[in-house]
Structures are given as C-alpha cells and as structure tokens.
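Student: The sequence and its predicted three-dimensional model are supplied below.
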Amino acid sequence: MPVILMKVSKEVPIPADIKVIVKSRRVWVEGPLGKLYRDFKHAMVTIKKTKNNTVLVEKCFDKKKRCAVVKTIAGHIQNMFVGVTKGFRYKMKLVYAHFPINATVMNDGKKLQVLNYIGQKNKRTVHVRPGCTINEPAGTKDELWIEGNDIDAVSGSASAVWQSCRVTDKDIRKFLDGIYVYAKGPKGDEQAI
C-alpha cells in the first residue's frame, strides 16, 4: 500500500500587546501578565514568526499520524498567548456528605492544608506549582480558586489538590467526598465541566 506524505501547517495570530521570540523550536512570549517559555525540541516541526504577525507551525513530507503534532503545538502556543493576556483559573469545590472538610490556604496562596477529610485526623498538605496561587474567594463557601499564567502549572496544581483527597479502600460510588474541579478556563470566562 502506498504511503501518502503530507504537508500540514497552522498559523496562530499574535495579539497586539504581546511580544514573541521564536528561535530553534523554542518560544518566548511576553505580555501584560508576565513571561512564558516553552521548548518544542522534541517535535520535528518548523516554527517561525511570519511578517503578517503570526506564528507558523509547519511539518512537511510526513505521514498523517505524525503531522498531528502541528495543531497540538499551535494549541500550546495559543494557550501561552491567553496566559500572558488573561491568565487561567480553575475553580474547585469541597464536596462532603457528613464530615465537613476544612481547607486552609497558607504561605500567601502557595500551600493548601486539608483537615478533617472523612473525619480523619491527619493533615494533607499540597504545594501549588511555581507561578500559581490558590485562594478562597470572598463570599463563597467551600470553594477554592487556582490561578496563574501557565495552563500546565494551574491544571497540575488542581490535579494535585484533587489527588490529595481521593477515596481509597472504599466504594467510590458511595463515598463522593473530595475536592473537585467544576469550572476552568481563562479568567472571567470559565466554562463549567
């Protein structure tokens, strides 16, 4: 069977207030909320900044399966643009049936301590990743917000909080206690999941 080789390209428009540097598959993005850096050396693609103010991601003469990395990298670059302009926010809810979970934010939003999970006495401590903060918004009950510029750091911190309160050795259909993400996305535009 003949192998069909393809050329796939994707252009990501650069917003007005962002400065982008692209050099040998590494991308630096600077905007109003800070700087982000990402290395795409693992992927055999061409990344360059074009004259019409876009970032072009391109892969030539390869199989369709391996060309899928183009839109993945374009999506990562788009998330960097959103991160330095708006930032990302993951909203989490403390869910419990009987024993109220007590979550305390410490070290200026860098650490979370969870107490009284399913009535247990041990303290669970979660450190958020660098570049993220965790806070309890005013006027809400049993809610945590994790915010930052880098979507990987924000989502990784949310998953660390979720994993710290997982039910073990019990039926997870019955014991639904824990801390769960219920909305995520750019700040001010979070979508419920």
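Tutor: That came in fine, so what should we check first?
Student: By residue count, tell me the biggest helix in the chain.
Tutor: Under DSSP state H, the helix in the chain containing the largest number of residues is helix 69-85.
Student: Quick check: beta-bridge partners of Val181?
Tutor: Met92 (DSSP bridges).
Student: Pull the number of nearby residues for it.
Tutor: Val181: 17 surrounding residues under other CB atoms under 10 Å. Where you see a C-beta, it was placed from the backbone N, CA and C, and this is true even at glycine.
Student: any idea of the pLDDT on it?
Tutor: We have a pLDDT of 96 for Val181.
Student: tell me the contacts of the nearest residue to Gly119 once chain neighbours are set aside?
Tutor: Nearest non-adjacent residue to Gly119, counting by CB to CB, 6 or more residues apart in numbering: Phe99, 4.2 Å away. When contacts are counted by CB atoms under 8 Å, 6 or more residues apart in numbering, Phe99 is found next to Asn116, Tyr117, Ile118, Gly119, Asp177.
Student: Buried members of the residues you listed into PyMOL, please.
Tutor: Per 16 or more other CB atoms under 10 Å, the buried members of those correspond to this PyMOL selection:
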select buried, resi 117+177
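Student: Would you map the helices across this structure?
Tutor: 64-67, 69-85, 151-164.
Student: Could you save these as a markdown table and add columns showing distance to Met6 and mean pLDDT?
Tutor: As requested, the helices of the chain are exported to a markdown table (distance: least, CB to CB, whole Å; pLDDT from 0 to 100):
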| stretch | distance to Met6 | mean pLDDT |
| --- | --- | --- |
| helix 64-67 | 5 | 88 |
| helix 69-85 | 10 | 95 |
| helix 151-164 | 28 | 95 |
